[in-house]
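J.: Need coordinates for the below:
(one chain, ligands or ions: 1)
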Amino acid sequence: RMKICINTGGGDAPGLNAVIEAVTMAACNRQWDVYGIKSGYAGLLNPDELIHLTPEKVNGIASVGGTILGTTNKGNPFMMPVMNAIGEYEQRDLSDRVMDNFRRLRFDALIAVGGDGSLEIAHRFAEKGMPVIGVPKTIDNDMGGTVISFGFDTAVSIATEAIDRLHSTAKSHDRVMVVELMGRNAGFIALNSGISGNADVILIPEIPYDIEKVCDKLMDNELHGHKYAIVVVAEGAVPKDGNVIAKGAGEAGRQHVVLGGIAEHVANEITKRTGKDSRSIVLGHLQRGGSPSTFDRLLSLRFGAAAVRAIEDGNFNHMVALRSPEIALVPLGEALGIQKRVLVDGDTVLTARDLGICFGD
Ligand code: F6P
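T.: Numbering: from 1, shown residues only. From the prediction side, this is the model:
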């Protein structure tokens, strides 16, 4: 009789509960024992935090957002902040304690559901001898090895609906509405929802923008009687001159982190340069909250069940992935080495250009 555990790490994404439901059902149908670890890996540091998962506990949670296990992006056991004798926090490597607890509890495998950060930790535990299967989660869709991660479709749907709603208010006032969307260093949410929501301008990290080009587009629209505009800005978008505005750290000379910085900055620049009235909106965590879309629900259920089958087959240190139309297994190390970004000459960007959408380049 197998005994497995599952954790959810990093930012929440719609579909986490569906993975938990599928893992629990598939495991229980095989007469295995399955436990949920609370708050990422923290529950393995303090095993009183384990939840025995049963069909009754997970029944119907697939349609509910968030995660019943809780999650954190501050729970790396290899670098855990621990208070020392003089009351200061220092980072300690508590990974051996996690390994000891895992073995003492006689777990046969861990299913780690997370983004690149959480799966990187899973990979390090795999290297220490823990049998691990990864499940890719991120609304940003920037994880390699899989065509898509769960959470992305819901985020795009919510963002598209928000953009749809901005049209009527923007039109009523002849205003420029600048909406900032999540995505970290990738522009997938902004690109997909911007196209679907009929935006005039889409600014993404993969295509550095020139604010003058953006303003030219808006003035040209005006000449053609289109007086209002929707500008979609990915939180990681960067101007060509390299000045740093947005949250999200990492690429192209980021120095400064301000949540909601980029939309406000772009709106101010547009008003300054064109005289047009503008407003900025940060959609923020609305893109992560609530019920998963049908697509995300099904993908998460398929990922969860595939993870259990991978354990049954002994295929450890792999990540389940969508290789349309089927679910495949990819070596974790391989998937983690790829940071997916929008293809600047891919057909989605070309479609946007064909529709007359401006990227400010
Ligand atoms: O990675 C998912 C994501 O929602 C990003 O799009 C965003 O930059 C970040 O997480 C926000 O994270 P937090 O939970 O720290 O607000």
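J.: okay, CA-based contacts and neighbour counts for the rest of this
T.: Will do.
J.: residues from the chain in reach of the ligand?
T.: Contacts of the chain with the ligand, taken as C-alpha under 6 Å from any ligand atom, map to G11, T138, I139, D140, M182, G183, R184, G248.
J.: As TSV, those residues with secondary structure and neighbour count would be great.
T.: Shown next, in TSV, are those (DSSP: H, G, I helix; E, B strand; the rest coil; neighbours: other C-alpha atoms under 10 Å):
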residue	secondary structure	neighbour count
G11	coil	18
T138	coil	26
I139	coil	27
D140	coil	27
M182	coil	29
G183	coil	24
R184	coil	23
G248	coil	20
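J.: Assign the closest residue to V282 other than its chain neighbours to helix, strand or coil.
T.: Nearest residue to V282 in three dimensions, chain neighbours excluded: E180, at 4.8 Å (C-alpha to C-alpha, 6 or more residues apart in numbering). Three-state assignment for E180 (DSSP: H, G, I helix; E, B strand; the rest coil): strand.
J.: Use 56 as the first number for this chain going forward.
T.: Renumbered: residue one is now 56, and that last one reads E235.
J.: how many other residues sit next to E235?
T.: E235 is flanked by 29 other residues according to other C-alpha atoms under 10 Å.
J.: in the sheet, who's paired with it?
T.: On the basis of DSSP bridges, E235 is bridged to V288, V337.
J.: Okay, and the beta partners of the nearest residue to L246 once chain neighbours are set aside?
T.: Spatial nearest neighbour of L246, excluding adjacent residues (C-alpha to C-alpha, 6+ apart): I257 at 6.5 Å. Taking DSSP bridges as the rule, I257 bridges to V287.
J.: neighbours of I257, just the number please.
T.: So I257, with other C-alpha under 10 Å, has 30 neighbours.
J.: I figured it hits I412, correct?
T.: Yes - counting by C-alpha atoms under 8 Å, I257 does reach I412; the two are 7.0 Å apart.
J.: ok, the residue nearest to G125 when sequence neighbours are not counted - contacts?
T.: Distance criterion C-alpha to C-alpha, 6+ apart; nearest residue to G125, sequence neighbours excluded, is S94 at 4.7 Å. S94 makes contacts with N62, T63, G64, L124, G125, T126, T127, G130, as judged by C-alpha atoms under 8 Å, 6 or more residues apart in numbering.
J.: mind redoing it with 10 Å?
T.: S94 sits next to 62-65, 104-105, 122-130 when contact means C-alpha atoms under 10 Å, 6 or more residues apart in numbering.
J.: now the residues of the chain next to the ligand as JSON lines including pLDDT?
T.: Output for the residues of the chain next to the ligand, formatted as JSON lines (pLDDT from 0 to 100):
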{"residue": "G66", "pLDDT": "93"}
{"residue": "T193", "pLDDT": "97"}
{"residue": "I194", "pLDDT": "98"}
{"residue": "D195", "pLDDT": "97"}
{"residue": "M237", "pLDDT": "97"}
{"residue": "G238", "pLDDT": "96"}
{"residue": "R239", "pLDDT": "93"}
{"residue": "G303", "pLDDT": "47"}
